[in-house]
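S.K.: Sequence first, then the predicted structure:
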Amino acid sequence: MRTRSTRRATKVGIAALVSFSLIAAACGGDDDDSGDGGGDTESTEATDATDGDEGDTTETTESGVQDNEITQDTVSPEEEIGDPVPGGTLRYGLEADVDGLNPTSSALSAPGLMMSQAVFDSLIAYDVDGNAVPYLAESMEPVDGDFATWQLTLREGIEFHDGTPVNAEAVQVNFELQRNDPLVGLAVRPYYPETDATTLIDDLTIQFNLLDPNAQFPKALTGQLGYLASPTWIAAAADDPTLNQQPVGTGPFVFDSRSADSVTRFVRNEDWWNGSAFLDAIEFVPVTDPDSRADLFFSGELQALQTSNPATVEDLRSDDAVQNVIDETGEESFVMINTAVAPFDDIRVRQALTFATPRQQYNDLINLGVTRLADQMFIPESKFYNPDVVQEGDTPDLSLPLVESYCAERGTEENPILGTTTCSDGKVNMELQWSGPSVVQTQVADLFNQAWSNSGFNVTFNELPQDDHIQETALGQYNVNTWRQFGAEDPQNDRVWLGCDNIGVISLNWPKYCDEARDALMDESGASTDEAERIEIWKQISENINQAYTYIFLNHTLWDNAFAENVLGVCDRTAPTGEQLLCVTNGRNWFDSIWINE
């Protein structure tokens with residue numbers, strides 16, 4: 001077997017596309033780990049498309065499940081080793097740090113969501129079959145069969161870590177703050193009336209009033225929108241923003257200490273409402289370089305890590321002493337096109353760029369052939385997958401006639417991003433933007449530039465700091481960029497990226513492409529409880545996306561949440577009523593069932 005150092009030395013340019021995932025729980029999105037990052041709920045985040053992680057455990061890659069991979073049906077360790085033993089500290093390597101841990105205002109990426117799941121509980125959770133089951137909530141039901149009105153009833157007797165009671169008013173405070181937050185609210189406001197979005201029914205019951213029917217609405221409360229923070233702490237943090245770094249929830253672990261870009265520590269909550277966690281403490285350690293993170297893990301300084309870096313995933317899967325929770329059911333990496341301004345407001349130019357994109361070469365050289373090429377939002381094993389949808393690309397001979405046609409008709413118009421005409425010397429002028437500095441992303445840009453420039457494009461590069469890159473994308477100040485998103489457990493929660501109602505001065509529909517027919521399909525899916533009908537609707541939506549030429553899908557992100565050999569119980573998590581719950585999703589896992597066999 002080759003050593004890790006040898007394998008890395010032979011893989012020039014390991015790593016990843018830069019992509020981003022904002023607002024996941026109610027939207028479904030995430031990040032990646034070629035530089036590492038993650039995300040999923042009502043939050044914003046950015047990371048590289050080959051080293052951000054997403055981990056579900058019910059699907060596997062083409063190579064199948066290996067002996068050292070944990071899946072939801074893995075034999076519980078109690079049957080082989082004995083009962084869980086309390087104690088120990090789990091040091092978990094994350095791909096990045098975050099600027100705060102307040103679910104009502106912080107832009108929680110995958111690392112932020114990971115830390116949040118130690119200290120916060122969600123109102124609703126996913127079971128292993130993708131069904132929404134009550135968690136902090138005792139029940140959640142539509143009112144009179146109207147899927148636009150839902151009542152949620154909480155479990156009795158639960159308190160936040162600071163002793164504040166968990167009641168309907170606490171839910172309302174959290175929800176309304178998220179809905180009205182300038183950033184987090186982008187994923188929430190379009191779906192509720194401006195006033196009376198929630199109604200208090202009694203001390204433990206709250207009613208959600210949606211603008212349109214959504215039979216899948218409970219699933220939106222499995223992530224950031226469903227995290228419950230202490231209203232007492234939220235109020236204190238509004239007066240003293242430094243408290244946003246010291247979260248107070250109801251979860252199995254209590255905040256202990258935090259040093260930005262170093263270590264965030266949580267200790268066991270001895271009074272947790274849903275039983276008892278086993279670990280004494282969890283220490284989250286952000287290590288942005290995926291190779292360095294892996295080295296710390298292999299040396300024993302970390303007992304767990306998250307990654308989507310292809311080379312790191314290969315190293316981890318090659319070591320029999322490592323337990324890997326592998327998932328590629330989450331987000332996709334792609335080239336994203338802004339349709340709101342010239343030249344890409346013309347479908348001919350979007351088609352030409354699509355045909356000229358070297359997808360196979362990208363996957364072979366950048367992702368090392370470890371990931372699978374993507375044709376759409378869904379992997380082939382998904383029930384929503386449409387086998388008739390094929391992502392075009394690798395056909396540069398089809399590009400030049402389209403470019404020539406466009407430049408002959410519209411070539412003297414202005415490209416507002418570049419401040420030049422849309423065509424020069426018979427080629428389309430365009431900008432490729434990404435987040436940096438990143439050596440690997442620069443290699444990606446060079447690869448695409450070589451292919452595109454030979455197919456009728458004059459490409460200008462624009463490498464920006466991550467925050468600026470996200471801002472310019474949200475404002476539509478880009479032609480083309482590399483991105484990563486989608487990946488909700490249920491695609492209805494990905495509507496936020498696709499709908500006309502998420503286009504504005506600041507948009508979450510990044511391509512700013514409005515198709516009312518697509519919106520109608522998504523609304524039809526939201527109102528339906530017929531699974532077969534919803535499957536067919538999403539197959540139509542995949543076809544619609546394919547024909548719009550707004551995304552050039554590259555690959556399915558491959559997440560690995562890896563654990564040392566003696567870290568057990570990763571997938572033994574259960575709901576209060578006994579259902580087995582999803583143990584890993586979108587590059588993050590939960591911690592109440594984990595224990596260390598010393």
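M.R.: Done, it's in. Every value quoted in this text rests on a predicted model; they were computed, and no experiment measured them.
S.K.: L183 reaches T104, doesn't it?
M.R.: No. L183 is beyond contact range of T104, at 10.7 Å (criterion: CB atoms under 8 Å). For every residue, glycine as well, the C-beta is placed using N, CA and C.
S.K.: residue ranges with poor pLDDT in this protein?
M.R.: 1-67, 71-81 (pLDDT under 70).
S.K.: need the longest helix for it.
M.R.: When the chain is scanned for its longest helix (criterion: DSSP state H), the result is helix 531-548.
S.K.: So which bits of that one are buried?
M.R.: Using 16 or more other CB atoms under 10 Å as the test for burial, helix 531-548 gives 534-542, 544-546, 548.
S.K.: Out of those residues, which comes closest to D346?
M.R.: Lowest distance from D346 to these (CB to CB) belongs to A548, with 12.7 Å.
S.K.: I'd assumed K512 was in contact with that closest one.
M.R.: No. A548 is beyond contact range of K512, at 11.5 Å (criterion: CB under 8 Å).
S.K.: Can you pull the residues that touch both of the two?
M.R.: T339 (CB atoms under 8 Å, 6 or more residues apart in numbering).
S.K.: now L123: how far from I326?
M.R.: To I326, L123 is 28 Å away according to CB to CB, to the nearest Å.
S.K.: same thing with G157?
M.R.: Taken as CB to CB, the span from G157 to I326 is 39 Å.
S.K.: ok, these two, which is more surrounded?
M.R.: Ranked by neighbour count (other CB atoms under 10 Å), G157 and I326 place I326 first, with 27 against 9.
S.K.: Pairing-wise in the sheet, spell out the partners of the more buried one.
M.R.: D560 (DSSP bridges).
S.K.: returning to that earlier point: tell me what the longest helix of the chain is packed against?
M.R.: helix 516-527 (3 or more CB pairs under 8 Å, 6 or more residues apart in numbering; DSSP states H and E).
S.K.: Pull out the buried positions in the helix it packs on.
M.R.: Buried, per 16+ other CB under 10 Å, within helix 516-527: 518, 521-523, 525-526.
S.K.: quick one: which of those is nearest to N479?
M.R.: For the buried residues of helix 516-527, the nearest to N479 is R518 (22.5 Å; CB to CB).
S.K.: The closest one and W497 touch, don't they?
M.R.: No. Assessed by CB under 8 Å, R518 is found out of contact with W497, at 11.4 Å.
S.K.: Looks like D256 contacts V267 (just checking).
M.R.: Yes. Proximity of D256 to V267 meets the contact threshold set by CB under 8 Å, at 4.7 Å.
S.K.: list residues touching both of the two?
M.R.: With CB under 8 Å, 6+ apart, D256 and V267 have common neighbours A281.
S.K.: And these two? Which one has more around it.
M.R.: For D256 and V267, the more surrounded residue by other CB under 10 Å is V267, and the numbers stand at 18 against 14.
S.K.: helix/strand/coil for the more buried one?
M.R.: Here V267 takes the strand state, with states given by DSSP: H, G, I helix; E, B strand; the rest coil.
S.K.: need the strands for the stretch 51-200 of the chain, in chain order.
M.R.: Listed in chain order, the strands found in the stretch 51-200 of the chain under DSSP state E, counting those that start in this stretch are 89-94, 124-126, 132-134, 137-143, 146-154, 198-202.
S.K.: The stretch 401-550 of the chain too?
M.R.: Assigned by DSSP E, counting those that start in this stretch, the stretch 401-550 of the chain shows strands spanning 414-415, 420-421, 423-424, 427-435, 457-464, 480-485.
S.K.: With mean neighbour count and distance to A342 as extra columns, can I get those strands in TSV?
M.R.: TSV is the format used below for the strands of the stretch 401-550 of the chain (neighbours: other CB atoms under 10 Å; distance: least, CB to CB, whole Å):
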stretch	mean neighbour count	distance to A342
strand 414-415	17	6
strand 420-421	15	9
strand 423-424	20	10
strand 427-435	24	10
strand 457-464	19	14
strand 480-485	29	13
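S.K.: Please name whichever of these is nearest to P247.
M.R.: Among the strands of the stretch 401-550 of the chain, strand 480-485 comes nearest to P247, with 25.2 Å by CB to CB.
S.K.: who does that closest one touch, helix- and strand-wise?
M.R.: Counting contacts by 3+ CB pairs under 8 Å, 6+ apart, strand 480-485 is packed against strand 18-20, strand 332-337, strand 427-435, helix 466-474.
S.K.: Just send those back as CSV, with distance to L418 too.
M.R.: Converted to CSV, the helices and strands packed on strand 480-485 look like this (distance: least, CB to CB, whole Å):
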stretch, distance to L418
strand 18-20, 21
strand 332-337, 15
strand 427-435, 6
helix 466-474, 13
